[in-house]
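Peer 1: Dropping the sequence and predicted coords here.
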There are 4 protein chains.
Amino acid sequence: MQEYRTQVRVRYAETDQMSVVYHANYLVWMEVGRVEACRERGFEYRDMELQDGILLAVTEVNCRYLSPARYDDEVTIVTTIAEATPRRVTFHYTMLCGDRKLATGESKHIFLNREMRPARIPAKYFPLFGIAQ
Amino acid sequence: MQEYRTQVRVRYAETDQMSVVYHANYLVWMEVGRVEACRERGFEYRDMELQDGILLAVTEVNCRYLSPARYDDEVTIVTTIAEATPRRVTFHYTMLCGDRKLATGESKHIFLNREMRPARIPAKYFPLFGIAQ
Amino acid sequence: MQEYRTQVRVRYAETDQMSVVYHANYLVWMEVGRVEACRERGFEYRDMELQDGILLAVTEVNCRYLSPARYDDEVTIVTTIAEATPRRVTFHYTMLCGDRKLATGESKHIFLNREMRPARIPAKYFPLFGIAQ
Amino acid sequence: MQEYRTQVRVRYAETDQMSVVYHANYLVWMEVGRVEACRERGFEYRDMELQDGILLAVTEVNCRYLSPARYDDEVTIVTTIAEATPRRVTFHYTMLCGDRKLATGESKHIFLNREMRPARIPAKYFPLFGIAQ
């Protein structure tokens, strides 16, 4: 399974008074990870939304926190497309600081049209998500 | 000038590693303050946006931080409409924790239509913002 | 299992360009839910942290999104303590807008001391978490 | 006055239902700008806090919004140190998307010690902030 790597640096805004990153912010990093994974696969999520009116709605997310991220850490987000059909896609994530594993996560999504109803993505996107034609 | 008061309780998510509220979150509280001020004046900002397609865009904001807000504090936001015309409005805010003044702020707004162009608000909103007919 | 209910109103800051609440913000609401559940059970999470140096660190979180929350919605967070030992606690959450179920979630936590090491909570907290003495 | 440039890409989490970046997030970008400006001047803000116990507390911030930033835009933050003494510092910011000016801002800070009391920074930091010895 192909891995896509992107980096974020921890912002002061993302810390909390425990002096670690507030746990909800890892979900934002997962978003950064999957958008960059899309870009590396050759398409811009923004265009899919703007041009084809396809939205990628989150239906489920989970995250397991293993070691805290701290202010100014450089976090690597490793993203894989775990499963995809014309109607839904699942991403897996591992978040690292150097060799230290910070967290692992998963997000499940369905595709929606502009009316916010479940939709199939156009066939041109199949190869980008690794869906057999 | 009439004052409108609303309360928020500081969330853990809003703190940073200085063990105080991260400064950008005060702008979110100002948003809570002005929406509740609108509600007390008899209209829902949500409806203005949904029904009349009028958006209240921020053109300038400032905030002076006097004393830090901390986790779980009950913060009172005192909001006043400092100035209003059919095209723009200015709100003033004082944020308090009990008697302790946390911050003062100001936000300036213009009204936009659905195409994001400057717009005049319908006359029915004049009394709500205290604009002479 | 006893349920604790608290309410939040959706802030503009919490929406995204899909015109629904950005999914990570549900985790912040869960935090509000468990802090208020603690308060209703008779203790302040803030004091546990300040006085006894006990931190409630998140080890895992998940959320299933069923129906979108929108700007200005009043969201009810129903929190239950699903399981607790002197070293760990699990909370369950249901988020509602009126009768409409928005999401369900779960968070798992361990207790840490000031040195960020796993810790047992003092016995005085056992009844508050429903732990047998 | 020397300018320091850094870039952020707009996250979905940073947009709101107006389909633009929620205004409070510009303050987070300013934080990114000043931390990177410090790094380019040869010191890590993180170390100043950890090693010397010097905190950079915000006393005032303002932002003027000129043109909206949108999802996935690459935003350049241009930061300058406008004024500095051993006790306080002011940063100026211009935020750009290509040639388009998004916003200008300013933040004023005082230095605090670990007890959150106003402090003078050690002389070794003078050249870094451009303070005459």
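Peer 2: Great, that's in hand. Residues are numbered from 1 along each chain as shown, chains lettered A, B, ... in the order given.
Peer 1: Show me which strand runs longest in chain A.
Peer 2: Longest strand in chain A by number of residues, with DSSP state E as the criterion: strand A:100-112.
Peer 1: helix or strand right after that strand?
Peer 2: Taking DSSP states H and E as the definition, the helix or strand that follows strand A:100-112 towards the C-terminus is helix A:126-129.
Peer 1: In contact with the residue of chain A positioned farthest from its centre, which residues are there?
Peer 2: For chain A, the C-alpha farthest from the mean C-alpha position belongs to A:Gln17; by CA atoms, centre = their mean, that distance is 26.2 Å. If a contact means CB atoms under 8 Å, 6 or more residues apart in numbering or on different chains, then A:Gln17 has B:Tyr12, B:Thr15, B:Asp16, B:Gln17, B:Met18, B:Ser19, B:Val20, B:Tyr71 as its contacts. For glycine as for every other residue, the C-beta is placed from the backbone atoms N, C-alpha and C.
Peer 1: okay, it: pLDDT?
Peer 2: The predicted local distance difference test score for A:Gln17 is 96.
Peer 1: Could you check which helix or strand contains it?
Peer 2: Secondary structure assigned from DSSP H and E places A:Gln17 in neither a helix nor a strand.
Peer 1: Could you look up the SS state of the residue positioned nearest the centre of chain A?
Peer 2: Closest residue to the average C-alpha location of chain A: A:Arg34 at 3.0 Å, with CA atoms, centre = their mean. Under DSSP: H, G, I helix; E, B strand; the rest coil, A:Arg34 falls in the helix class.
Peer 1: From what I see, it and A:Lys108 are in contact.
Peer 2: No: contact status for A:Arg34 versus A:Lys108: not in contact, 11.5 Å apart, counting by CB atoms under 8 Å.
Peer 1: Scan the helices and strands of chain A for the one with the lowest mean pLDDT.
Peer 2: Taking mean pLDDT, DSSP states H and E as the measure, chain A has helix A:126-129 as its least confident helix or strand, at a mean of 90.
Peer 1: can stretch A:118-133 be found next to chain C?
Peer 2: No: on the criterion CB under 8 Å from any CB of the partner chain, stretch A:118-133 is out of touch with chain C, staying 13.2 Å away.
Peer 1: what residues does that stretch touch?
Peer 2: Contacts of stretch A:118-133 with the rest of the structure, by CB under 8 Å, 6+ apart, involve A:38, A:41-43, A:48, A:52, A:54, A:81, A:84-87, A:89, A:110-113.
Peer 1: quick one: contacts for the residue nearest to the centre of chain A?
Peer 2: Counting by CB under 8 Å, 6+ apart, A:Arg34 makes contact with A:Tyr45, A:Thr79, A:Phe91, A:Tyr93, A:Ser107.
Peer 1: Swap in 7 Å and give it another go.
Peer 2: Shown in contact with A:Arg34 (CB atoms under 7 Å, 6 or more residues apart in numbering or on different chains): A:Thr79, A:Phe91.
Peer 1: Let me know the pLDDT of it.
Peer 2: 97.
Peer 1: and the gap between it and C:Ala57?
Peer 2: Per CB to CB, to the nearest Å, A:Arg34 is found 26 Å from C:Ala57.
Peer 1: Also A:Gly105?
Peer 2: A:Gly105 sits 17 Å away from C:Ala57, taking CB to CB as the criterion.
Peer 1: Could you do A:Arg120 as well?
Peer 2: As for A:Arg120, its distance to C:Ala57 is 41 Å (criterion: CB to CB).
Peer 1: ok, the two, which is more surrounded?
Peer 2: Here A:Arg120 and C:Ala57 are set side by side on neighbour count (other CB atoms under 10 Å in any protein chain shown), and the busier one is C:Ala57, at 17 against 12.
Peer 1: Skipping adjacent residues, who's closest to the more buried one in space?
Peer 2: With CB to CB, 6 or more residues apart in numbering or on different chains as the measure, C:Leu112 is the residue that lies nearest to C:Ala57, at 5.0 Å, once sequence neighbours are left out.
Peer 1: Quick check: that neighbour touching C:Thr59?
Peer 2: No: proximity of C:Leu112 to C:Thr59 does not meet the contact threshold set by CB atoms under 7 Å, at 10.2 Å.
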